[in-house]
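> fold the following, please.
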Amino acid sequence: MTTSDPRPSGQRTAGRPRDPLIAEAILVATLELLAKNGFDGTSLDAVAQRAGVGKPTLYRRWSSKQDLVIAAIERLADQAEMPERGSPRERLTAFMEEWWNLTAHPELLSVTRVLASLLGDVQRHPELGEAVHQSFLRNRRNLMHELLLDAIDAGELRRDLDLDIVVDLLFSPLLVRRLVTGGPVTPDVARGIVNLVFDGGIAHPVKTTAETRS
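Residues are numbered from 1 along each chain as shown. Okay, here's the model as predicted:
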């Protein structure tokens, strides 16, 4: 006697549709352990146990712990997105506010929280350091650099500004507060940083020599 198969036609064998969920559980477990223990303190055994999977499941997807960690960092890298509407100053303010707001919640797996645990590790593992730089720092810096160029073209900032230094000024306060001083991390602070950059680098009319002497 033939029994009917309740699965829709073309559906894969049992377990396959859950694969993306398994991968997500593994990446989240990896990030949680990284935030707590750093790279050297995170083992594949611990990741497998936390994700509720067998160790072979990890190796079917990633060939090494470093590959797994890199994949986890890349998953986390794009939490805050640069808005597409508004003036350059408004867009950068919204981006910074969202980024700082995400980081302000210690229960969230923010990029800054994970990076804090990896500071020493990236020095000992060059490929890991390059992955962090590629997946998070370089992309974010490029976004900010392009937005600052838009601000210059819009007359919001002076053309003689060193944009690399300006980007450093935008990035550094959050990292310092999270990693060094323990100061408050709020969207208000993020907004204040953008205001300092734009108000300090505002495009003023160039005075002539005669106007300067008067």
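> use CA for all of it now, contacts and neighbours both
Will do.
> what mean pLDDT would you report for stretch 75-93?
When pLDDT is averaged over stretch 75-93, the result is 79.
> quick one: end-to-end distance for it.
Start to finish, the residues bounding stretch 75-93 are 24 Å apart (Cα to Cα, to the nearest Å).
> buried residues, that stretch. List them.
For stretch 75-93, burial by neighbour count (16 or more other Cα atoms under 10 Å) applies to 75-77, 80, 82, 88-89, 91-93.
> stretch 38-50 too?
Under the neighbour-count criterion of 16+ other Cα under 10 Å, stretch 38-50 has 38-39, 42-44, 47-48, 50 buried.
> list of residues touching that stretch?
Residues outside stretch 38-50 that contact it (Cα atoms under 8 Å, 6 or more residues apart in numbering): 26, 29-30, 33-34, 54-55, 58, 65, 69, 114, 117-118, 121.
> output the longest helix belonging to this protein.
The single longest helix within the chain, with elements called by DSSP state H, is helix 19-37.
> for that helix, name the packing helices and strands.
Here helix 19-37 is seen to pack against helix 44-51, helix 65-76, helix 111-124 when contacts are counted using 3 or more Cα pairs under 8 Å, 6 or more residues apart in numbering; DSSP states H and E.
> sorry, back to before: which pair in the buried residues of stretch 75-93 spans the largest distance?
Farthest-apart pair in these is R75 and R89; separation 27.6 Å (Cα to Cα).
> quick check: closest non-adjacent residue to Q66.
In this structure, Q66 finds its nearest non-sequential neighbour in L128, 6.9 Å apart by Cα to Cα, 6 or more residues apart in numbering.
> fine, thanks again, bye for now.
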